[in-house]
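Q: just the structure for this:
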Amino acid sequence: MITRRSLLATAATGATLIACPAVLRAQSPRILKLSHQFPGGTIDQGDARDRIARRFGQAVEQRTGGSLQVQVYPTSSLMKTLAQFSAVRKGALDMSLVPLSYAGGEVVETNLALMPALVSSYEQAAKWRTARIGEEFSKTLSDKGVIILTWIWQSGAVASRVKPILEPADVKGVKIRGGGREMDMMFQAAGGIVSTMPSSEMYIGMQTGALEAAVSASTSLISFRLDEMTKNLTAGRGRSFWFILEPLILSKATFDALTPEQQRAVRDVGQEMEAFSFEAAKADDEEIVKVYAARGATVHDLTDAHIAKWKDLARDTAWKDFAGKNARCAELLKLAEQVA
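A: Numbering: from 1, shown residues only. A predicted model of the protein is given here:
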């Protein structure tokens, strides 16, 4: 017999289940939107940055039992390339994987992420996160509303339609893209004709003649197919005067709205992605040599003597300018120099 008491008991049980946080999460997972500028692919194939984003999303979903999911929007399909960092800062975008040098006009300290000849090897780059520079740089970004989840470093190569670019003297008179304010400043001091554009626009720049040489991560120079127009490639394998930090970042506003378990998951997974990011970057430094050589480009490697010349020029130009911006910039540069 169905009694009034049994009906009330059933209703109460249902209400309890509906109100249970675990049930609510299962019914309505939190969706994080992640926008980046790089070509899309799959979790196993394509641009390494896109694969990192997809691997992160898959691992976070598994780690949180589905309560937190990540939707990846490649090729700036959700948001324009140069708007992504600002949107993350303001909480209008949850996540991005972005070259931090793009944010230098908004947060001047981020220009440190592409400071010429400051970092010249992956071994040196890998020390940043746990060194004092990593702690202070992360704090600077957190104070601006951005949290670094994965420290992704990429070595740069130079694709040239003209002569090979090995040392500062080779830049004179060449229309070149450096990828960041400080890099451009150094090229200008060497007599280069600087063109400013995101890496996603390098192909059209080379195609139209607006560029004669472009410096970017090996991964980007592969993904954006500059091999079709390159005569000389200066590879970034082993060493380079161009190392960029393009981390996986999360809006602090989004992070603060997550549960403690979800916060722990995104931090843990983000750090776990670091090993894969280094492995993928180094693999692309080798792959670019094969891709460009197959197209007929002549491949060149930098020596320690080449790097020393770039460093001398950078110290007198870009480093000096950056340190003069404010006391915080000077402090961060000093800490970065301590990482040998």
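Q: what's the nearest residue to Gln271 if we skip its chain neighbours?
A: Distances taken as CB to CB, 6 or more residues apart in numbering put Thr150 closest to Gln271, at 7.1 Å, once the chain neighbours are dropped. C-beta here means a position set from N, CA and C on the backbone, and glycine is covered the same way.
Q: list phi and psi for the one you found.
A: Here is the backbone geometry of Thr150 (degrees, to the nearest 10): phi -130, psi 120.
Q: now the longest strand that the chain contains - C-alpha only, CSV.
A: Among the segments of the chain that qualify as a strand by DSSP state E, the longest is strand 153-160. Taking Å, rounded to 0.1, in the frame of the first residue of the first chain, the C-alpha atoms of strand 153-160 are listed here in CSV:
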residue,chain,number,x,y,z
TRP,A,153,59.5,26.1,-23.5
GLN,A,154,60.3,26.1,-27.2
SER,A,155,63.6,26.6,-28.9
GLY,A,156,63.5,28.9,-31.9
ALA,A,157,64.8,28.4,-35.5
VAL,A,158,65.3,30.9,-38.3
ALA,A,159,63.6,30.3,-41.7
SER,A,160,65.2,32.6,-44.3
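Q: tell me the first helix or strand C-terminal of that strand.
A: strand 175-177 (DSSP states H and E).
Q: what pairs with that next one, and is each one parallel or antiparallel?
A: As defined by DSSP bridges, the strand partners of strand 175-177 come to strand 193-194 (parallel), strand 213-217 (parallel).
Q: which parts of the stretch 1-150 of the chain are helices?
A: Secondary structure of the stretch 1-150 of the chain (DSSP state H, counting those that start in this stretch): helices located at 4-19, 21-27, 48-63, 84-90, 122-125, 132-143.
Q: what of the stretch 201-340 of the chain?
A: 202-208, 218-223, 252-257, 260-294, 304-314, 320-323, 327-337.
Q: return the most buried member of these.
A: Sort the helices of the stretch 201-340 of the chain by mean neighbour count, taking mean count of other CB atoms under 10 Å, and helix 218-223 sits at the top with a mean of 26.
Q: please name the nearest non-neighbouring residue to Pro247.
A: Nearest one to Pro247, counting by CB to CB, 6+ apart, is Ile148 at 4.7 Å.
Q: what are the bridge partners for the one you found, then?
A: In beta-bridge terms (that is, DSSP bridges), Ile148 pairs with Ile249.
Q: hmm, Glu246 and it touching each other?
A: No: using CB atoms under 8 Å, Ile148 is not in contact with Glu246; the gap is 10.7 Å.
Q: more neighbours: which of those two?
A: Glu246 (29 against 20; other CB atoms under 10 Å).
Q: show the pLDDT at that one.
A: Looking at Glu246, its pLDDT is 96.
Q: for it, list the residues it contacts.
A: Taking CB atoms under 8 Å, 6 or more residues apart in numbering, we find Glu246 in contact with 49, 97-100, 113, 152-154, 217.
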